[in-house]
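J.: Provide a 3D model corresponding to the input given below.
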Amino acid sequence: MQSPPQHQARKRFGQNFLNDQGIIRRIVRAVSPLEHQRVLEIGPGQGAITESILASGCQLDVIELDRDLIPILEGKFGGETNFRIHQGDALKFDFTALAAGDKLRVVGNLPYNISTPLIFHLLTAHNCIADMHFMLQKEVVDRLAAQPGSKTYGRLGIMAQYFCEVESLFDVPPEAFTPRPKVQSAIVRLTPYETPPCPANNVDTLQTVLRSAFNQRRKTLRNTLKGVIDSEAIESLGIDSGLRPEQLGLADYVAIANAVDSNSE
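T.: As a prediction, the model looks like this:
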């Protein structure tokens, strides 16, 4: 393998390159890719995790936004028949088209500045995804796994838990990266459900209810949702409209969203 050119991490891309071999091994063990599987890595950077995933014999596609990293990745892995690069923005990527009827396993050290919108984008393609393993800012992992009553509980966690089983796996310290980020990181596993435990009649309505509810999370439901559903309708579902948004579970929000749909018919 030829020696790759050097690359400086770019702040505008939110780049922090993982270089701790122990953490890399833990991540690959958590993913456990197999030869017959299709894996998609988002933001491979200089290929720290890529090499170990490829060694499993799986079909590996990678999406990289930074054009300057493409020759580095091609220099390292271009000769592998089970490797393919897509230069582009993961926020605009068509995951369903890439899956082509198969189930993708998605892996990524996600840039902190796009992690939340990218997760929402991936959730729209949940039907073609077997599982997702991401390195994220620990605060984001906490939000994804948060339960009712927690300060970190909100729209991101509720929607992630609507579509997926969420498991916070382990923390990753700043010294595992170059350059060192100013925040703690963590690994999370998201496994999409075949059927959501609490199916909504319309997911868009559920999103609308959650946006309204958490837009002013210090206020009560009767105030935050007054433009969406009245307090009497909330009470008729057995839900106290005097509660704050973080006090309701997923099933409660699905019930409210389904009631909104019923009332609009």
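J.: wait, isn't D20 in contact with E175?
T.: Yes. D20 lies in contact with E175 (C-beta atoms under 8 Å); the separation is 7.4 Å. All C-beta spots, glycine's among them, are computed from the backbone N, C-alpha and C.
J.: ok, G43 to I239 distance?
T.: Applying C-beta to C-beta, to the nearest Å, the value for G43 to I239 is 40 Å.
J.: ok, these two, which is more surrounded?
T.: Higher neighbour count among G43 and I239: G43, with 24 against 20, using other C-beta atoms under 10 Å.
J.: that older thread, comparing D20 and E175, which residue is more hemmed in?
T.: D20 (16 against 11).
J.: for the nearest residue to that one once chain neighbours are set aside, what are its contacts?
T.: Spatial nearest neighbour of D20, excluding adjacent residues (C-beta to C-beta, 6 or more residues apart in numbering): A176 at 3.7 Å. Contacts for A176 (C-beta atoms under 8 Å, 6 or more residues apart in numbering) come out as 18-20, 23, 185.
J.: and those, which of them are in strands?
T.: If you go by DSSP state E, these have 18, 185 in strands.
J.: scan the contacts of A176 and report the most crowded one.
T.: S185 (26 neighbours).
J.: in this structure that residue contacts S168, no?
T.: No. Counting by C-beta under 8 Å, S185 does not reach S168; the two are 11.6 Å apart.
J.: now I70: how far from E51?
T.: On the measure of C-beta to C-beta, I70 and E51 end up 16 Å apart.
J.: what's around the closest residue in space to L210 that isn't next to it in sequence, how many residues?
T.: Among residues not flanking L210 along the chain, R155 sits closest, at 4.4 Å (C-beta to C-beta, 6+ apart). Other residues lying near R155 total 22 when counted by other C-beta under 10 Å.
J.: tell me how many other residues surround I129.
T.: 22.
J.: contact partners for it?
T.: The neighbourhood of I129, defined by C-beta under 8 Å, 6+ apart, consists of 95, 99, 103-106, 122, 192.
J.: distance of it relative to R222?
T.: For I129 relative to R222 (C-beta to C-beta), the value is 37 Å.
J.: and stretch 58-70, how far from the chain's centre?
T.: Mean-position distance between stretch 58-70 and its chain equals 18 Å (C-alpha atoms, centre = their mean, to the nearest Å).
J.: what is the end-to-end distance of it?
T.: In stretch 58-70, first residue to last residue: 20 Å (C-alpha to C-alpha, to the nearest Å).
J.: list the contacts of it.
T.: With contact meaning C-beta under 8 Å, 6+ apart, stretch 58-70 is reached by 7, 10, 13, 15, 33-46, 50, 53-54, 73, 82-90, 93, 98, 105.
J.: no further queries at this time; thank you.
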